[in-house]
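Chemist: Predicted coordinates and the sequence they were generated for:
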Amino acid sequence: MTTMVKEGTSKARLLIVLASMLVAVSAVQNFARFPTEDLTSSGTWSIAVAWSVPILMAALGGMLAERAGIVNIGLEGMMIIGTWVGAFYTLLAGPWVGIIAGGLAGVVAGAVMALATVTFKVDQIIAGVAINLMAPGLTRFLSDVHFSDRGGSITQSPTIVGVSRFSVPFLSGGNLFGWKSPDLLGAVERAHIIVLSDLAGVVRGLFWNMSWWTLALLLIVPFSVWLLWRTSFGLRLRSCGEHPDAADSLGVNVYLYKFYGVMISGLLAGLGGAFLAVELSGLYKEGQTQGKGFIGLATLIFGNWRPILTFFGALLFGFTETLRLRDPDAPHALLLLVVIALIYLAVRGAQKRNWVSLGVSALAAVVIGFAYFTSEGVPDQLPKITPHLTVLAVLMFGTRKLRPPAAEGIPWSKGEH
């Protein structure tokens, strides 16, 4: 009963936070110095969902590896391998085969990582860095061999085509057996009713012009929740990251489950890389991951090693990337939103008598507020580093609530302790 009450309280708190954020975004959008409609438009959120998928896959992959006790620094390299393999097999057999092949290539990279760290006890950071260094050289060599004679080059593949897209009938005006259905959320969005139209725009963006692969990969979020907390496999995997000696004493094959965690991590990172090349870019291009594997690591910290919060973190980072591409004024309006958030943190610090939090939040609010009122835009590089700044803020203000697996990153040998 106590657990059910706590879960209900957490869900209610999450809904309150999301509603408060929507009201704040709506207010900022309408009353900023340079008003913009892109903060809550369905077009923005449709693109943001798609751009959040590679980050989400890397973050979920890193989370599952760390739940098994292995810190997978090699996510970036696994994504790079996934981009190349996804593009190559899309050229040969189409986008469905291509993205699946990218995920399987990530499994192979994950197996190499697991062999090094679990079997041979290589330092996890060194093994991950080695994969990150190996992947660009390997894909460059493969591009020279396989793409140069197919209309590509040593740095990129020929153009490829992704899977078809769809919109949900009635909610976003999709087709139903060839019949164009009404667009209910679109009608509310176009009515320009403060808060209500903003909510409709955000929700419509989740159901409009979506790739089938986007939907398939987003379904991994609820699947991972079920896998980790509703199955014996998930319990054993988590026990290996929390207390491997206790798991071993109960008959769990700790080595095997660590292999499982890292290989599933590679699968998700490979899928994210393949999705990036096939669905978002339309070709493989050298360097196209742009550190999304590392952003995935930052995202899982933001999400406190939990799938649902990790999804919201990935969506936030995809959203900031999308704004930079769509409307130069939109990131500037977000500065005002940051000031509001900092004022809230300052008030919370005062209530809890946390004077350090109060002082840092108030000072940051003054500095960013000054930048907002004295500038007409933000540097193009700022949205790119938003994930890292956000994680720094979480580490500064939410350290007490962060709960990483107790044994993550610690080498383990049977019978050693």
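Modeler: Structure's in. What do you need?
Chemist: per-residue pLDDT, residue 279?
Modeler: With respect to pLDDT, residue 279 scores 95.
Chemist: Quickly note the distance from it to residue 323.
Modeler: According to C-beta to C-beta, to the nearest Å, residue 279 stands 20 Å off from residue 323. Where C-beta positions appear, they are placed from N, C-alpha and C, glycine not excepted.
Chemist: Ok, residue 192 next?
Modeler: Distance from residue 192 to residue 323, by C-beta to C-beta: 20 Å.
Chemist: neighbour-wise, which of the two wins?
Modeler: residue 323 (24 against 11; other C-beta atoms under 10 Å).
Chemist: What is the subsequent helix or strand relative to the helix or strand where residue 58 lies?
Modeler: Using DSSP states H and E, residue 58 maps to helix 42-67. Sequence-wise, the next helix or strand downstream of helix 42-67 (DSSP H and E) is helix 75-93.
Chemist: Now do the buried residues in that next one.
Modeler: For helix 75-93, the neighbour count (16 or more other C-beta atoms under 10 Å) marks 75-91 as buried.
Chemist: and if you look at stretch 31-50?
Modeler: Here stretch 31-50 shows 32, 36-50 as buried, counting by 16+ other C-beta under 10 Å.
Chemist: what pLDDT, on average, does that stretch get?
Modeler: 80.
Chemist: what residues are up against residue 411?
Modeler: 117, 121, 124 (C-beta atoms under 8 Å, 6 or more residues apart in numbering).
Chemist: Low-confidence stretches in the chain?
Modeler: For the chain, the stretches with pLDDT under 70 are 1-11, 14, 32-36, 324, 326-329, 380-381, 383-384, 386-388, 390-400, 417.
Chemist: Walking through it, point out its strands one by one.
Modeler: 165-166, 175-176, 179-180, 210-211 (DSSP state E).
Chemist: Please identify the most buried of those.
Modeler: strand 210-211 (a mean of 20; mean count of other C-beta atoms under 10 Å).
Chemist: Go ahead and name everything in contact with it.
Modeler: 46, 49, 50, 162, 163, 164, 165, 166, 167, 279.
Chemist: CSV please, covering those residues and showing distance to residue 206.
Modeler: Formatted as CSV, these follow (distance: C-beta to C-beta, whole Å):
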residue, distance to residue 206
46, 8
49, 6
50, 11
162, 19
163, 18
164, 18
165, 14
166, 13
167, 11
279, 16
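Chemist: Out of those, which is nearest to residue 150?
Modeler: residue 162 (18.0 Å; C-beta to C-beta).
Chemist: can you count the residues close to the closest one?
Modeler: Neighbours of residue 162 (other C-beta under 10 Å): 22.
Chemist: Please tell me I have it right and it contacts residue 279.
Modeler: Yes - contact criterion C-beta atoms under 8 Å: residue 162 and residue 279 qualify, at 4.3 Å.
Chemist: what's the overlap in contacts for those two?
Modeler: 95, 211, 213.
Chemist: partners of the second one in the sheet?
Modeler: Read that as residue 211. Under DSSP bridges, the beta-bridge partners of residue 211 are residue 165.
Chemist: How much space separates it from residue 99?
Modeler: For residue 211 relative to residue 99 (C-beta to C-beta), the value is 10 Å.
Chemist: now swap in the last one and tell me
Modeler: For residue 213, the distance to residue 99 under the criterion C-beta to C-beta works out to 6 Å.
Chemist: Residue 219: how many residues sit nearby?
Modeler: 10.
Chemist: which non-adjacent residue is nearest residue 306?
Modeler: Computed as C-beta to C-beta, 6 or more residues apart in numbering, the closest residue to residue 306 that is not its neighbour in sequence is residue 63, at 7.8 Å.
Chemist: Apologies, that question was intended for residue 406.
Modeler: residue 242 (5.0 Å).
Chemist: Check residue 284 too.
Modeler: That would be residue 87: by C-beta to C-beta, 6+ apart, it lies 3.4 Å from residue 284.
Chemist: list the contacts for that neighbour?
Modeler: 98, 157, 160, 274, 277, 278, 283, 284.
Chemist: Now with 10 Å, please.
Modeler: Residue 87 makes contact with 95, 98-99, 101-102, 139, 143, 146-147, 152, 156-160, 273-274, 276-278, 281-285, 288, according to C-beta atoms under 10 Å, 6 or more residues apart in numbering.
Chemist: Check the gap between it and residue 280 for me.
Modeler: For residue 87, the distance to residue 280 - C-beta to C-beta - is 12 Å.
Chemist: intersection of neighbour lists for these two?
Modeler: residue 288.
Chemist: Show me which residues of stretch 316-325 are buried.
Modeler: 316, 317, 318, 319, 320, 321, 322, 323, 324.
Chemist: Neighbours of the closest residue in space to the third one that isn't next to it in sequence, how many?
Modeler: To tie it back to what came earlier, the one meant is residue 318. With C-beta to C-beta, 6+ apart as the criterion, residue 318 has its nearest non-adjacent residue at 2.9 Å, and that residue is residue 52. When neighbours are counted by other C-beta under 10 Å, residue 52 registers 26.
Chemist: still on that earlier bit, need the max-distance pair from the buried residues of stretch 316-325.
Modeler: Top of the distance list for these (C-beta to C-beta): 316 and 324, 13.4 Å.
Chemist: hang on, the earlier thing: by neighbour count, which of the contacts of residue 411 wins?
Modeler: Going by other C-beta under 10 Å, residue 117 tops the contacts of residue 411 with 27 neighbours.
Chemist: List the contacts of it.
Modeler: 65, 69-72, 74, 123-128, 258-259, 262, 409, 411.
Chemist: Mark which of those are buried, thanks.
Modeler: Buried among those (16+ other C-beta under 10 Å): 65, 69-72, 74, 124, 127-128, 258-259, 262, 409.
Chemist: now the residues you listed as CSV including distance to residue 299?
Modeler: Below are the buried ones among the contacts of residue 117 laid out as CSV (distance: C-beta to C-beta, whole Å):
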residue, distance to residue 299
65, 14
69, 20
70, 18
71, 15
72, 13
74, 16
124, 19
127, 21
128, 16
258, 22
259, 24
262, 18
409, 18
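Chemist: All the helices of the stretch 201-350 of the chain, residue numbers only.
Modeler: 212-218, 220-230, 232-242, 244-249, 254-275, 292-302, 307-326, 329-351 (DSSP state H, counting those that start in this stretch).
Chemist: Show me what the second one is packed against.
Modeler: For helix 220-230, the contact count by 3 or more C-beta pairs under 10 Å, 6 or more residues apart in numbering; DSSP states H and E identifies helix 42-67, helix 232-242, helix 254-275, helix 307-326 as packing neighbours.
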